[in-house]
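S.K.: How does the following fold in three dimensions:
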Amino acid sequence: MAKQSPAVLDRFAYIDADETVGLRGLELKKAREACEIAEREARQALQKLPALFLATDHLQRQCWNFDGLADEADKTLESLTGEDSDCWFHNWNQAHHILEDLTFEQCCLAVELRQKAKDAGAKASAACDEWLHARQLAAKRFDEENPERAGT
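M.R.: Here you go, the predicted structure:
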């Protein structure tokens, strides 16, 4: 790595030491962290959906296992469990609908969290723009205060 001249290092040090640059840098760091957290939460909400879809499909198939059982099988089922095939069909179908509702709620949550992540990304982008602007202003002040080293 090539060595930089002391004038360039002084300019960078001046910019880095600027109070506004430091504050904007902290704001940028917080905004980026918030964006990363929001994106992770959105991804996690989205990753739950395939399992919910599979479980919903399984419950739907399971309830149909009890549809149209032969009379003898239905009587055996009732003697073993106390409920006939219609009750079992209803129970599995009810579980299917409950899980289906939860799946829709999870979809809504994923969309909501994705929007939150987009908003956090926009805030991080704005914070980056403010930080860059603060650096530009600090560089301009350095150049005005040190005309002999302007632009170095």
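S.K.: ok, W92 to D67 distance?
M.R.: 10 Å (Cβ to Cβ, to the nearest Å). C-beta coordinates here come from the backbone N, C-alpha and C atoms, glycine included.
S.K.: Chain neighbours aside, what residue packs nearest to A126?
M.R.: Nearest residue to A126, sequence neighbours excluded (Cβ to Cβ, 6 or more residues apart in numbering): A31, at 7.8 Å.
S.K.: mind checking how far that neighbour is from D10?
M.R.: Separation of A31 from D10 (Cβ to Cβ): 29 Å.
S.K.: what about W92 and D67, which has more around it?
M.R.: W92 (20 against 12; other Cβ atoms under 10 Å).
S.K.: Can you tell me the element that one falls in?
M.R.: Using DSSP states H and E, W92 sits within helix 85-145.
S.K.: Then E83?
M.R.: With DSSP H and E as the test, E83 turns up in no helix or strand.
S.K.: List the contacts of it.
M.R.: For E83, the contacting residues are 77, 91, by Cβ atoms under 8 Å, 6 or more residues apart in numbering.
S.K.: before we move on, back to that, more neighbours, A31 and D10?
M.R.: A31 (21 against 15).
S.K.: ok, that one touching D129?
M.R.: No - the criterion here is Cβ atoms under 8 Å, and A31 misses it with D129 at 10.9 Å.
S.K.: Summarise which helices and strands the helix or strand harbouring the residue nearest to A126 is packed against.
M.R.: In this assignment (DSSP H and E), A31 forms part of helix 19-47. The contact analysis (3 or more Cβ pairs under 8 Å, 6 or more residues apart in numbering; DSSP states H and E) places helix 19-47 against helix 85-145.
S.K.: what bits of this protein have low per-residue confidence?
M.R.: 1-9, 150-152 (pLDDT under 70).
S.K.: Please identify the residue most distant from the middle of it.
M.R.: Here the chain reaches farthest from its C-alpha mean at E72, the gap being 52.8 Å by Cα atoms, centre = their mean.
S.K.: Go through the strand or helix carrying that residue and flag the buried ones.
M.R.: Secondary structure assigned from DSSP H and E places E72 in helix 71-81. Applying a neighbour-count criterion of 16 or more other Cβ atoms under 10 Å, one finds 74, 77 buried in helix 71-81.
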